[in-house]
Every structure is written in structure tokens, then in C-alpha cells.
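K.L.:
Here's a sequence, model it:
(one chain, ligands or ions: 2)
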Amino acid sequence: MRITVSIPERPDAWIAGLRRELPQADIEAWQPGAAPADHAVVWAPSQQFIDEQPALRGIFNIGAGVDALLKLRVPASTRIVRLDDAGMSVQMAEYVCHALIRHFRELDGYQADAGEGRWSFRKPRLRRDFPVGIMGLGVLGQRVAKAVAQFEFPVNGWSRSPKQIEGIRCFAGEAGLDEFLAASRVLVCLLPLTPDTRHILRRETLSKLLPGGYVINVARGGHLAEDELIPLLDEGRLAGATLDVFEVEPLPPEHPFWRHPKITVTPHASARTLRDESIAQIVAKIRAVEAGTDFDALPGVVDANRGY
Ligand code: NDP
Ligand code: OXD
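P.N.:
Numbers count the residues shown, from 1 in each chain. Ligands and ions are numbered 1, 2, ... in the order given. The predicted model follows:
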């Protein structure tokens, strides 16, 4: 079995890990003109890579989001498989709970007071006044929703297909979006980026949140209509935003998000790919399909028509 690897950052570490787990396989970094492989392990490969590897059975993405891959022309016979958690959901739960509680408990205000040696209390705020809406109730969204519910915030969730999740008020589809937004004050985006979800965080939708809305975008920069956020903050329609993902990454130094007092920026760090966990998951899937398991029986196989 031949496996080709196209990963921009530390490809050698990935190749060494894959070789350790699959010593019988021929595993090499892809370069133009490389021999055809059976499977690929990738992050944001080029169209040339896809065009030169028409016989791939599986493309294993080392992230959960496949929007970059789905921009490419991939042969219909090649299946795309994304990471299914692999240690990301707990990180996402930590990140979102941290951002939520930092805002809810006004910890930035306390830090500013401390900087001036001021011992002063803020009036306690009520959890029932801060319902949290999670957009996307997949692998990451459900874990985050449950973690937020542990802190006794009311939690709403929105997905494409209807769901029933204990402790979460679930809404679905276009028809459920307005009611979901109107019931939420803190909005967390954990959707895949698809033609249906691009710019879903825009003036029209964000204006439907409860007063004092707060946005946490941990999915993709393309979900947010970036030009529309700062006016909503400056008008007082939104109280703030924590943003981990951006239309252009790295976020350019001159971008106004860096310096806006109501925006917290992190560098696409909310849930990092963990190499060992990811290699273990990918190798288990490759072993399964090589042993005759149908791709469709694997968790994380992408439906290209659906876009995730
Ligand atoms: P999943 O595929 O497991 O979940 C996606 C969820 O979004 C599902 O609940 C799905 O609905 C819902 N959804 C998709 N399209 C729509 C739509 N048009 N309307 C309403 N709901 C929709 O993905 P994951 O939870 O694993 O990951 C989510 C995203 O998080 C990734 O695509 C990636 O972009 C981002 N991500 C960001 C990271 C970071 O570091 N910032 C790290 C990892 C991921 P249904 O359940 O009905 O199918
Ligand atoms: C992912 C990511 O999609 O790292 O996994 O953003």
C-alpha cells in the first residue's frame, strides 16, 4: 500500500508517525510527479496534487473542516474523510466555556480594575439572562453544548436536521433560525463552511439576537461578514466578540479586529489538531478499508453534495 502525504507544517513528523503505525506501507511526502498512491493524508493540498493522484481511494484530512478540500476538483471515486473529534472537542469546550465565562463574569473589567489597584465588585448577572445558542450540533457543537449546560446556562442548538438532545433546546433548518437567534444572547458558531453557511453571521442575523449579544466564532472566518461586525459593536447592538478564525489567516497586522476594544482575537487555536490522536484515528480507518470495510461505514466520511 502506498500513502502520499501533503501537509504544509512538519510533514516529517506526520510521516514518521504514520510509518511507525503502518511499517508495511510505502509512505512518502508528495512531490510533483510522485508515483500514484492508494491513500493520502493532507491539509489544504493543491489542485495539482489531486490531478496527479487520480487513483486515490481515500483522502484523509488532518482537520475537521473540509471547506479547503471541497474547493478542489476531486474525482468522484475518491472518498474524503475528515477528523472525527480526535481530541478536538474537549479543547473546543474549554475555549468556548472560557470565552463565555470571561464575558459573563466581566473578568476583563476586574482585570482593568486590578491594574489600577481598585477593589470593587460588579453586580452579579443572572445565567437565565445569558442563553447560549450553538450553531452546529455535530461532533464539536454537541460537546460544547453539553459543557456550557454544565455551567447552568440555558442552551439552544441549531442544526440542519432536527435533533433531540437532553438539556438543549433544539432548532433546525432555515425555518428554525429566526426563533433560535431570538432566544439566544451568546452565539457560538460551530458550523462547517458551505455555500449555505457563508456569511451566516451578518447584520441581519446578528441583529436578531437578544440585546447585549455576544459572538464566539470558532468555525471559519467565512461565516462572518467581517465588515458588518464593528458597526454592530460600535452601535452597541452587540456587546463583544471572541474570534478564532478569519477570512484571511494569519489575520493581517493592519486588520481593525486586532485593536478593537470589544474584540478578542486568537490565532485559529481553539482546537488544535493533535498529531498522535489524529494519526491513530487515520491509521485505524485505513486499516479498516484495506480489510474490506466500506468507506461509508467510517465516521467522518464527507458528503460532497452536502458540503461537510
Ligand atoms: P460536524 O460535521 O460534526 O457538524 C456540523 C454541524 O453543523 C451539524 O450539526 C450539521 O447539521 C450542522 N450544519 C451544517 N450545515 C448546516 C446548515 N446549513 N444549517 C444548519 N446546520 C448546519 O462538524 P464538527 O462539529 O466536527 O466541526 C464543525 C466545524 O468546526 C468544522 O467544519 C470546522 O470548520 C470547524 N473547526 C474549527 C476548528 C478551529 O480550531 N477553529 C477546529 C476544528 C473544527 P446536521 O447535524 O443536521 O448534519
Ligand atoms: C479543523 C481546523 O478544521 O483545525 O480541524 O480548523
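
K.L.:
what's the burial count for Ser6?
P.N.:
Residues near Ser6, counting by other Cβ atoms under 10 Å, number 22. All C-beta atoms are positioned from the backbone trio N, CA, C, and that covers glycine.

K.L.:
thought it was touching Gln47?
P.N.:
No: using Cβ atoms under 8 Å, Ser6 is not in contact with Gln47; the gap is 11.6 Å.

K.L.:
Which residue lies nearest the spatial centre of this structure?
P.N.:
Ala219 (3.4 Å; Cα atoms, centre = their mean).

K.L.:
dump the residue contacts of the nearest residue to Arg203 once chain neighbours are set aside.
P.N.:
Of all residues beyond its chain neighbours, the one nearest Arg203 is Glu228 (4.4 Å), with distances taken as Cβ to Cβ, 6 or more residues apart in numbering. Residues in contact with Glu228 (Cβ atoms under 8 Å, 6 or more residues apart in numbering) are 202-203, 206.

K.L.:
Could you give the number of residues near the closest residue to Ala172 other than its chain neighbours?
P.N.:
Counting by Cβ to Cβ, 6+ apart, Ala172 lies nearest to Pro162, which is 4.2 Å off, once chain neighbours are set aside. Look at Pro162: counted by other Cβ under 10 Å, it has 10 neighbours.

K.L.:
give the contact list for Pro162.
P.N.:
170, 172-173.

K.L.:
where does this structure dip in pLDDT?
P.N.:
Scanning the chain for pLDDT under 70 picks out nothing.

K.L.:
where do the strands sit along it?
P.N.:
Applying DSSP state E to the chain gives strands spanning 2-6, 26-29, 39-42, 58-61, 79-81, 132-135, 155-159, 169-172, 186-189, 213-217, 238-243, 263-265.

K.L.:
want to throw the ones you listed into TSV with distance to Ala99?
P.N.:
Formatted as TSV, the strands of the chain follow (distance: least, Cβ to Cβ, whole Å):
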stretch	distance to Ala99
strand 2-6	33
strand 26-29	37
strand 39-42	30
strand 58-61	26
strand 79-81	30
strand 132-135	11
strand 155-159	15
strand 169-172	21
strand 186-189	8
strand 213-217	5
strand 238-243	4
strand 263-265	7
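
K.L.:
Now render the ones you listed as JSON lines, adding distance to ligand 2.
P.N.:
Below are these laid out as JSON lines (distance: least, Cβ to the nearest ligand atom, whole Å):
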{"stretch": "strand 2-6", "distance to ligand 2": "16"}
{"stretch": "strand 26-29", "distance to ligand 2": "21"}
{"stretch": "strand 39-42", "distance to ligand 2": "12"}
{"stretch": "strand 58-61", "distance to ligand 2": "8"}
{"stretch": "strand 79-81", "distance to ligand 2": "13"}
{"stretch": "strand 132-135", "distance to ligand 2": "15"}
{"stretch": "strand 155-159", "distance to ligand 2": "18"}
{"stretch": "strand 169-172", "distance to ligand 2": "23"}
{"stretch": "strand 186-189", "distance to ligand 2": "12"}
{"stretch": "strand 213-217", "distance to ligand 2": "12"}
{"stretch": "strand 238-243", "distance to ligand 2": "13"}
{"stretch": "strand 263-265", "distance to ligand 2": "16"}
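
K.L.:
Run through the residues of the stretch 51-200 of the chain sitting next to ligand 1.
P.N.:
Listed as neighbours of ligand 1 in the stretch 51-200 of the chain under the rule Cβ under 6 Å from any ligand atom: 63-65, 88, 136-141, 158-161, 190-194, 196-197.

K.L.:
redo that, cut-off 8 Å
P.N.:
Residues of the stretch 51-200 of the chain found near ligand 1 (Cβ under 8 Å from any ligand atom) are 63-67, 82-85, 88-89, 91-92, 135-142, 158-163, 172-174, 177, 190-194, 196-197, 200.

K.L.:
Pull out the buried members of those residues.
P.N.:
63-67, 82-85, 88-89, 91-92, 135-142, 158-160, 172, 177, 190-194, 197, 200 (16 or more other Cβ atoms under 10 Å).

K.L.:
Show me which residues of the stretch 101-250 of the chain are close to ligand 2?
P.N.:
So the stretch 101-250 of the chain meets ligand 2 at 220, 245 (Cβ under 8 Å from any ligand atom).

K.L.:
Just give me the neighbour total for the nearest residue to Lys208 once chain neighbours are set aside.
P.N.:
Closest residue to Lys208 apart from its sequence neighbours, by Cβ to Cβ, 6+ apart: Leu181 at 3.9 Å. Residue neighbour count, defined by other Cβ under 10 Å, stands at 22 for Leu181.
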